[in-house]
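Peer 1: Got a sequence here, can you build the structure:
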Amino acid sequence: MAEAFLGIVISAMATGLGAIPVLFLNNVSSRLKSLLLGYASGIMMAATTFSLIPEAMKASNIWVLSLGMLFGTFILNFINSKTEKLNTSNLKFLPDVDRKTLVIITAITLHNLPEGLSVGVSYGTGEENLGAIIAFAIGLQNAPEGFLVGLYLIHLKMSRMKALLIATLTGAVEIVTAAIGYFLASEVDGLVPFGLSFAAGAMLFVIYKELIPESQEDHHVKFPTYSFILGLISMLYLTLHFG
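Peer 2: Sure thing, here's the model as predicted:
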């Protein structure tokens with residue numbers, strides 16, 4: 001149980017580790033932001049395509065995958081539509097955050113919930129090394145997500161420590177669902193592939209609707225495009241060798 005708890009915590013806290021570079025960013029120019037968004041988009045696209053979707057397919061079928069992805073996309077589209085006219089200055093907990101950043105924070109937090117569940121269930125099944133492998137794979141993709149949240153918050157002139165804290169909290173929610181998955185492994189196992197499919201749909205919505213369009217706002221659009229491909233290759237390499 002101690003090994004499972006350690007693996008769960010490390011996987012969840014990888015989001016905060018990924019956000020650590022924001023502590024050294026005083027200001028982010030529009031060009032640098034475009035490059036970083038392109039790179040993060042590539043990483044998240046690879047994580048979705050080569051990690052979340054294959055894991056969901058392995059544990060279920062195309063119907064579960066399709067339903068979960070469509071549901072994830074629908075939920076994020078619903079959240080996006082409801083926040084279009086939201087005055088974020090009235091939010092006591094995030095008064096400095098604009099609508100786009102709020103949607104991205106919400107999306108990443110929601111998509112971390114089923115990922116935590118999958119880590120907990122993997123440890124709870126008792127199969128040798130399965131929990132550690134899944135925790136490592138989830139942790140790999142959590143790191144760039146934490147950096148992405150931190151990047152958006154720093155761009156809004158938020159303090160670096162507060163940006164790091166918020167980014168860390170988006171991943172910390174995995175600990176709760178991982179604990180549920182660990183203790184109820186036999187009962188919730190069927191929910192894992194649907195949850196991973198939901199996470200894939202949510203991430204694809206964020207990539208397509210928010211990240212890629214914003215990475216192209218700079219006049220030199222070819223550089224963020226190369227950055228996207230480099231991010232995808234980087235995550236694919238890590239997935240193939242360590243996932």
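Peer 1: among the helices and strands of the protein, which has the poorest mean pLDDT?
Peer 2: Within the chain, no helix or strand scores below helix 185-188, which has a mean of 66 by mean pLDDT, DSSP states H and E.
Peer 1: Contacts for whichever helix or strand comes after that one, please.
Peer 2: Following helix 185-188 in sequence order, the next helix or strand is helix 191-206 (DSSP states H and E). Where contact means Cβ atoms under 8 Å, 6 or more residues apart in numbering, the residues beyond helix 191-206 that reach it are 44-45, 47-48, 52-53, 55-57, 59-60, 64-77, 80, 103-104, 107-108, 110-115, 117-118, 121, 181. To be clear about C-beta, it is placed using only N, CA and C from the backbone, and glycine gets the same treatment.
Peer 1: So, low pLDDT: which residues of this protein?
Peer 2: 26-28, 82-96, 125-130, 185-189, 218-220, 242-243 (pLDDT under 70).
Peer 1: quick one, helices of it?
Peer 2: Remark: helices assigned in the chain by DSSP state H are 2-19, 30-47, 53-59, 62-83, 99-124, 130-155, 160-183, 185-188, 191-206, 212-215, 222-242.
Peer 1: JSON lines for those, including mean neighbour count?
Peer 2: Shown next, in JSON lines, are the helices of the chain (neighbours: other Cβ atoms under 10 Å):
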{"stretch": "helix 2-19", "mean neighbour count": "21"}
{"stretch": "helix 30-47", "mean neighbour count": "23"}
{"stretch": "helix 53-59", "mean neighbour count": "18"}
{"stretch": "helix 62-83", "mean neighbour count": "16"}
{"stretch": "helix 99-124", "mean neighbour count": "24"}
{"stretch": "helix 130-155", "mean neighbour count": "24"}
{"stretch": "helix 160-183", "mean neighbour count": "21"}
{"stretch": "helix 185-188", "mean neighbour count": "14"}
{"stretch": "helix 191-206", "mean neighbour count": "25"}
{"stretch": "helix 212-215", "mean neighbour count": "18"}
{"stretch": "helix 222-242", "mean neighbour count": "16"}
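Peer 1: Let me know the distance separating the closest residue to residue 15 other than its chain neighbours from residue 239.
Peer 2: Excluding its sequence neighbours, the residue lying closest to residue 15 (Cβ to Cβ, 6 or more residues apart in numbering) is residue 171, at 2.5 Å. The gap separating residue 171 from residue 239 is 19 Å, by Cβ to Cβ, to the nearest Å.
Peer 1: just checking, residue 235 touches residue 48?
Peer 2: No: checked against Cβ atoms under 8 Å, the pair residue 235 and residue 48 is beyond contact range at 9.5 Å.
Peer 1: how much space between residue 142 and residue 118?
Peer 2: 12 Å.
Peer 1: Next: residue 169.
Peer 2: Taking Cβ to Cβ, one finds residue 169 at 20 Å from residue 118.
Peer 1: so what's the residue lying closest to residue 8 once chain neighbours are set aside up against?
Peer 2: Spatial nearest neighbour of residue 8, excluding adjacent residues (Cβ to Cβ, 6+ apart): residue 178 at 4.2 Å. Each residue near residue 178 by Cβ under 8 Å, 6+ apart is listed here: 8, 11-12, 116-117, 119-120, 123.
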